[in-house]
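Colleague: Could you look at this predicted model? Sequence included:
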Amino acid sequence: MIKEKYTFDDLLEIMKLLRSENGCPWDREQNHETLKKYLIEETYEVLEVIDLNDKKRLCDELGDLLLQIVFHAQIASEDNEFDMNDVITGICRKMVQRHTHVFGTDKADTAEEVLTNWEEIKKKEKGMKSQTEVLKDVPSNLPALMRSYKVQQKASQVGFDWKDTDSVFEKVYEEINELRDVYKSKDVARINDELGDVLFSIVNLSRFLKVQPELALMGSITKFIERFEFIEKEAAKSGKTLTEMSLEEMDELWKMAKTKK
């Protein structure tokens, strides 16, 4: 099986062998449910190397992600549900049917027009008769920031949206004030509800600013860790641990960290 170059068919054969009686015990034990976590992990590893602009690692991570798709297709094939050819046929058919401006007679001169056509075709394909059905079609297991972004985006398709960015800012302030009014209470359910409204309004703002909130938050998390690392290293230089420092001392180091790139 050692080759200089492999093909997609080679990958399918390798996966089939690994799942066979003479294959790998671990691979044989897997099913759609047990593989879910690996699909998520591989997806996020692809996103990470894209952020790092590491083209060599991107090639490698895309291979890992592709393996997960082939793995699921092989399991389905063994159960006589579908195989990799069905997966490929399905996505090819979808691309042709939803790009009617390329493969048909419809016209779409901008990316926005393409997305509008795509959504209309998708709605017809799935037999959706209301926009509420479109909102409910957004996967419930998406990260909450991503799901709220997509739900708001689809609600806006029928004109249910804010008129401008300033209006969204006002809504954010309004929701924060409502949270401030209840945060000292012991009504956990109401605090939870108001905090959710704040986050939802922030997602609305990010949509108007054309920023993906999930990616923005990931960036802030990375930045926080880098600045925290700077504080800890600077504390160590002075012979202290963070627990031995006052909040004021750590805050001064934090301000220094913010000046670093």
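Modeller: That came through fine.
Colleague: ok, Ser206 - how many residues close by?
Modeller: If you count neighbours by other CB atoms under 10 Å, Ser206 ends up with 21. For every residue, glycine as well, the C-beta is placed using N, CA and C.
Colleague: mean confidence for stretch 44-63?
Modeller: Stretch 44-63 carries an average pLDDT of 94.
Colleague: From one end of it to the other, what's the distance?
Modeller: From its first residue to its last, stretch 44-63 covers 13 Å (CA to CA, to the nearest Å).
Colleague: And for that stretch, what's in contact with it?
Modeller: 42, 64-65 (CB atoms under 8 Å, 6 or more residues apart in numbering).
Colleague: for that stretch, the distance to its chain's centre please.
Modeller: 15 Å (CA atoms, centre = their mean, to the nearest Å).
Colleague: what do you get for stretch 129-145?
Modeller: The answer for stretch 129-145 is 15 Å, by CA atoms, centre = their mean.
Colleague: buried stuff in that stretch?
Modeller: 134-135, 138, 145 (16 or more other CB atoms under 10 Å).
Colleague: Going by distance to Asp79, which of these wins?
Modeller: The closest of the buried residues of stretch 129-145 to Asp79 turns out to be Val138 (CB to CB; 28.2 Å).
Colleague: Now do that closest one against Glu119, distance only.
Modeller: 12 Å (CB to CB, to the nearest Å).
Colleague: Please enumerate the shared neighbours of those two.
Modeller: Lys154.
Colleague: Most neighbours among the contacts of stretch 44-63, which one?
Modeller: Result: Glu42 is most packed of those (other CB under 10 Å), 20 neighbours.
Colleague: what's the helix or strand for that one?
Modeller: Using DSSP states H and E, the element containing Glu42 is helix 32-52.
Colleague: Could you pull out the buried residues of that helix?
Modeller: Neighbour-count burial for helix 32-52 [16+ other CB under 10 Å]: 39, 42, 45-46, 49.
Colleague: Downstream of it, the next helix or strand is which one?
Modeller: Going down the chain from helix 32-52, the next helix or strand is helix 55-78, by DSSP H and E.
Colleague: what's in contact with whichever helix or strand comes after that next one?
Modeller: The first helix or strand that comes after helix 55-78 along the chain, using DSSP H and E, is helix 84-98. Residues outside helix 84-98 that contact it (CB under 8 Å, 6+ apart): 12, 69-70, 73-74, 77, 103, 117-118, 121-122, 125.
Colleague: could you redo the last one with a cut-off of 7 Å?
Modeller: Residues from elsewhere that reach helix 84-98 (CB atoms under 7 Å, 6 or more residues apart in numbering): 12, 70, 73, 103, 118, 121-122.
Colleague: Quickly note the distance from Leu179 to Leu199.
Modeller: 10 Å.
Colleague: cool, Glu33 as well?
Modeller: Relative to Leu199, Glu33 is positioned 30 Å away (criterion: CB to CB).
Colleague: again, but for Ile50
Modeller: 25 Å.
Colleague: Could you count how many residues lie near the nearest residue to Lys171 once chain neighbours are set aside?
Modeller: In space, and not counting its chain neighbours, Lys171 is closest to Ser201: 5.0 Å by CB to CB, 6 or more residues apart in numbering. Counted with other CB under 10 Å, residues neighbouring Ser201 total 22.
Colleague: Ser201 is in what secondary structure piece?
Modeller: helix 188-208.
Colleague: hmm, back to that, going by distance to Ile225, which of the contacts of stretch 44-63 wins?
Modeller: Glu42 (22.4 Å).
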